[in-house]
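J.: Let me see the structure of the following:
(chains A and B)
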Amino acid sequence: MTTTYGGTLVRRLSQLDALEAEAVHIMREVAGEFDRPVLLFSGGKDSVVMLHLASKAFAPAAIPFPLLHIDTGHNFPEVIAYRDDAVRSYGVRLHVASVQELIDSGRLRERPDGTRNPLQTVPLLEAIESHRFDAVFGGGRRDEEKARAKERVFSLRDEFGQWDPRRQRPELWDLYNGRHRTGEHVRVFPLSNWTEVDVWEYVAREGIALPEIYYAHEREVFLRDGMWLTAGGWGGPREHETVERRTVRFRTVGDMSCTGAVDSTAATVAEVIAEVAVSTVTERGATRADDRLTEAAMEDRKREGYF
Amino acid sequence: MSAIHDRVLDPLLALAGPEPHELLRFATAGSVDDGKSTLVGRLLHDTKSVLADTLAAIERASIAKGHDGADLALLTDGLRAEREQGITIDVAYRYFSTATRSYVLADTPGHVEYTRNMVTGASTAELALVLVDARHGVVEQTRRHAAAAALLGVRHLALAVNKMDLVDFNEQVFAGIHAEFDSVAVSLGVGDVVAIPLSALQGDNVVVRSPRTPWYDGPTLLEHLEAVPVGEDPAREPFRFPVQYVVRPQTDEHRDHRGYAGRVAHGVVRVGDPVVVLPSGRTTTVSAIDGLDGPLREAFAPQSVSIRLTDDLDVSRGDLLAAADEAAAPSQDLAGDVCVVSDRPLSAGDRVLVRHGTRTVRAKVTAVTARLDLASLESSAYDRALVVNDIGRLSLRLAEPLAVDDYAALRRTGAFLLVDEQDGSTLAAGMAVVARCSEG
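T.: Predicted coordinates:
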């Protein structure tokens, strides 16, 4: 994009173009430096935007890495259908690591509250180890949460997948240092500098299709801890909780047991952008029970190897 | 899932549109207790960037700690140890936007031992905001932060004279600090300095103009952030393009396609331009530029594109494409200023890796030649080990030649990292000093 300032022609990138150029640069660095990268794909909007960026970064060649989905077993059916469509249309390979399989084999135990988000760390680390992935793209953004605000774009994890905030490498200029020892891997966050509104504006500009649950629809929900949860086989509602039909949408997509819907009539991208712009509640605060556990819930999970 | 548009984009068409919503990256620095976290919290709060649930959580935590109201500093203290000790350990990135700009704020801690964090934050910043306490004025840390910003080539320096409420918004106090800081900036060679009297705690002159400083006619902090020019004009710089990745589809449709993917580091490149491949030195011509939305006639910094060349040369990751008539000369000798960011000291004889652009080469430290005294801002001859948070000058002998630019002229291709060969950790941030002043 070019702009005239004081009569002279100046070449400038708009904010979205600058964020896009940065994310593509990060993805190409990973493809150039690492042997076995993988992209974490949940069907959530951030992972969908990453997939779209990857297709642009390497065009006209195919995306040079596979996808990895950590399947909690409590998925929204619309999201799984979307995932399978996306895999077909982008022509990528998909690996699935299943929480359910680990529970069935007795290696993971179900939590009393039925929430499976914290259980994703084990299948994630096992998949990284068994496939020998050395770089793992995640859709995390620094505006989401205060521990994430301090994480690097290239975030080194030790052989146990742990994040040590005190041992982070200084990240200088755009010289990302991905060197690591055998057994270690690097988590890479190309959307680090994007905000929720940036993601939505990019979705609108690029005409990216998202799972339908991001837009207003009618759904059977019940209230728990101040959030509208979806009734279903995962263990809700309990006896005293009443199911009602409401017009809602989801701001984030995660495990059904801890991802709440918000009352909304925003049925198009433009309406969602308008709604997010005036929202008084953060996206994770509105809809993620897993972040409400303690003040340092995200930091604790990241230390253990979470996304 | 939109298709890649198959059209030639004409950059001049964009002229008719409105001014783009721009991105300004800036870094904040101050000593402990200058109220930096409060200032950042105030900026976020007064630009309506803090949402109700976050504010409620801050209020709960503040009350639990025995504070009267919401302690805005808690907005920026992310990690458990930081909240427990009431200090900031690590660089945190914050985001807020106004009608005209979006901001990425690198919030860097102020302790003496964290000069490396200031360097990290400043490496990507276009503006550095240095805080002082109005009661204490310019202190050693202020000089350190200003020196780090100047060394890193941050173009705009802003001084926030905070806690003006504690000196009764006295004009003479402000004027004295302003004058002293100006002389620091002059000795560092930084031209653009703006000083603002403010109170982060009470909100004076942060976003809202204060009635208590009628003698001050400059901008509020936010007004200054909104007005400072963003970015370099790429047309004034020579073209530089580190090759990141070779795109070879190997499909029937694109049988002979060979695209060199990368991000324009400096300058502008057009189809038909002669370019030199470094370090080999072979010249060729740009035959096509593939942008992220289709073919382009030109590309400029910092766009990510893919470049095709007329000749079938051996070009791969690590090579640098540069304007044929304005290229840096590849050399196996490299001198530069470094800021040590690791606990491993650096001394003559050490073996390290040098990362420049997309290329990594082996190197040996041939000599440490100088060290900067951050308190006096004097550089003096020095030949012992440089330790963490030191800023000094050293020379390196490289196993393979690199085409490095002078950092002061071209930031992205004048920057380099020193990396530990064994564990891969980053040892130092390097800023090349080429030709102009090699005497140290």
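
J.: hey, where'd the strands end up in the stretch 301-440 of chain B?
T.: Per DSSP state E, counting those that start in this stretch, the stretch 301-440 of chain B carries strands over the ranges B:304-309, B:320-323, B:331-340, B:351-356, B:359-373, B:378-381, B:391-402, B:415-419, B:426-432.

J.: cool, the stretch 101-250 of chain A as well?
T.: Going by DSSP E, counting those that start in this stretch, the stretch 101-250 of chain A shows strands at A:135-137, A:154-157, A:185-188, A:217-224, A:227-230, A:243-250.

J.: how about those strands, which one is nearest chain B?
T.: For the strands of the stretch 101-250 of chain A, distance to chain B was read as C-beta to the nearest C-beta. The smallest value, 8.2 Å, belongs to strand A:154-157. Yep, even glycine has a C-beta here, placed from its N, CA and C like the rest.

J.: Packing partners of that closest one?
T.: On a contact count with 3 or more C-beta pairs under 8 Å, 6 or more residues apart in numbering or on different chains; DSSP states H and E, strand A:154-157 meets strand A:185-188.

J.: Go ahead and name everything in contact with the strand it packs on.
T.: By C-beta atoms under 8 Å, 6 or more residues apart in numbering or on different chains, the surrounding residues in contact with strand A:185-188 are A:26, A:30, A:34, A:37, A:128, A:133-138, A:153-157, A:161, A:163, A:178, A:180, A:307.

J.: just the CA coordinates of that strand, formatted as PDB?
T.: Taking Å, rounded to 0.1, in the frame of the first residue of the first chain, the C-alpha atoms of strand A:185-188 are listed here in PDB:
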ATOM      1  CA  HIS A 185      11.600 -28.500  20.700                       C
ATOM      2  CA  VAL A 186      10.400 -25.000  19.900                       C
ATOM      3  CA  ARG A 187       6.800 -23.700  20.100                       C
ATOM      4  CA  VAL A 188       6.300 -21.000  17.500                       C
END
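
J.: What average pLDDT does that strand get?
T.: The average pLDDT for strand A:185-188 rounds to 96.

J.: Partner strands of that strand, with direction?
T.: strand A:135-137 (parallel), strand A:154-157 (antiparallel) (DSSP bridges).

J.: Need the winner for burial among those strands.
T.: strand A:135-137 (a mean of 26; mean count of other C-beta atoms under 10 Å in any protein chain shown).

J.: And for residue 189, the neighbour number?
T.: Answering for chain A, as no chain was given. Around A:F189 there are 25 other residues, counting by other C-beta atoms under 10 Å in any protein chain shown.

J.: that answer is for a different chain, and I need it for chain B
T.: 8.

J.: again with B:V338
T.: 24.

J.: So it versus A:N177, what's the distance?
T.: 15 Å (C-beta to C-beta, to the nearest Å).

J.: One more: B:G357?
T.: 13 Å.

J.: Which helix or which strand is home to B:A148?
T.: Element membership of B:A148, judged by DSSP states H and E, is helix B:140-151.

J.: Show me how the chain divides into domains.
T.: This is for chain A. Domain segmentation of chain A under automatic domain parsing yields A:11-197, A:209-291.

J.: was after chain B, sorry
T.: According to automatic domain parsing, chain B comprises the domains B:22-227, B:234-323, B:331-432.

J.: Counting by contacts, list what the helix holding B:A148 packs against.
T.: strand B:22-29, helix B:115-123, strand B:127-133, strand B:156-162, helix B:171-188, strand B:331-340, strand B:391-402.
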